[in-house]
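[1] The amino acid sequence is not available; the structure is as follows:
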């Protein structure tokens with residue numbers, strides 16, 4: 001079988017290719033910020049995420065969340081990891097995380113946040129738990145008093161569906177602690 005690259009160059013190109021693969025395939029949001037490209041979310045998009053979050057928090061007298069481009073970049077990174085199949089799989093990172101999936105590409109930030117906020121009736125403050133057979137942990141993450149920053153991103157998956165991820169710092173839903 002004929003080689004496409006002269007044997008004398010194989011070693012040099014193999015090392016170059018290996019370096020390229022290690023820089024792209026294994027990059028993660030846990031790398032130092034200087035090694036990753038940080039993008040800034042447009043103000044109008046930030047507002048579309050922050051306004052519904054902070055309306056929910058205001059009803060409880062909680063301080064508003066502030067936007068974090070670092071968290072938004074993390075959310076974007078994770079969304080792009082899931083872009084192939086759009087499955088709701090958590091990143092297992094150091095942040096609190098809410099994920100939203102919607103059929104089609106026309107979902108807006110407020111759609112995700114209001115969906116999570118609709119879990120409010122299923123949270124029982126007295127027992128600090130979700131009602132039987134109901135989800136409420138997206139809601140409790142939104143209203144987690146110690147969380148001060150949020151960053152979100154939307155990805156349209158290869159399936160044509162939408163994945164929205166919001167990350168919170170410090171994370172909420174600490175076992176045994178009430179959100180507010």
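    Okay, I see it. These figures come from a predicted structure and were not determined experimentally. Numbers count the residues shown, from 1 in each chain.
[2] okay, CA-based contacts and neighbour counts for the rest of this
    Will do.
[3] Buried ones in whichever helix or strand residue 52 is part of, by neighbour count?
    For residue 52, the host element (DSSP states H and E) is helix 43-58. By neighbour count on 16 or more other CA atoms under 10 Å, the buried set for helix 43-58 is 46, 49, 50, 51, 52, 53, 54, 56, 57.
[4] Redo these as JSON lines? Include pLDDT and distance to residue 175.
    Below are the buried residues of helix 43-58 laid out as JSON lines (pLDDT from 0 to 100; distance: CA to CA, whole Å):
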{"residue": "46", "pLDDT": "98", "distance to residue 175": "30"}
{"residue": "49", "pLDDT": "99", "distance to residue 175": "26"}
{"residue": "50", "pLDDT": "99", "distance to residue 175": "26"}
{"residue": "51", "pLDDT": "99", "distance to residue 175": "28"}
{"residue": "52", "pLDDT": "99", "distance to residue 175": "26"}
{"residue": "53", "pLDDT": "99", "distance to residue 175": "22"}
{"residue": "54", "pLDDT": "99", "distance to residue 175": "24"}
{"residue": "56", "pLDDT": "99", "distance to residue 175": "22"}
{"residue": "57", "pLDDT": "99", "distance to residue 175": "20"}
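[5] I would like the residues contacting stretch 51-59, please.
    Stretch 51-59 is contacted by residues 63, 64, 65, 110, 113, 114, 117, 142, 143 when judged by CA atoms under 8 Å, 6 or more residues apart in numbering.
[6] Which ones among these lie within helices?
    Taking DSSP state H, the ones among those that sit in helices are 110, 113, 114, 117, 142.
[7] wait, what's in contact with residue 179?
    Applying CA under 8 Å, 6+ apart, we find residue 179 in contact with 140, 141, 143, 144, 145, 146, 172, 173.
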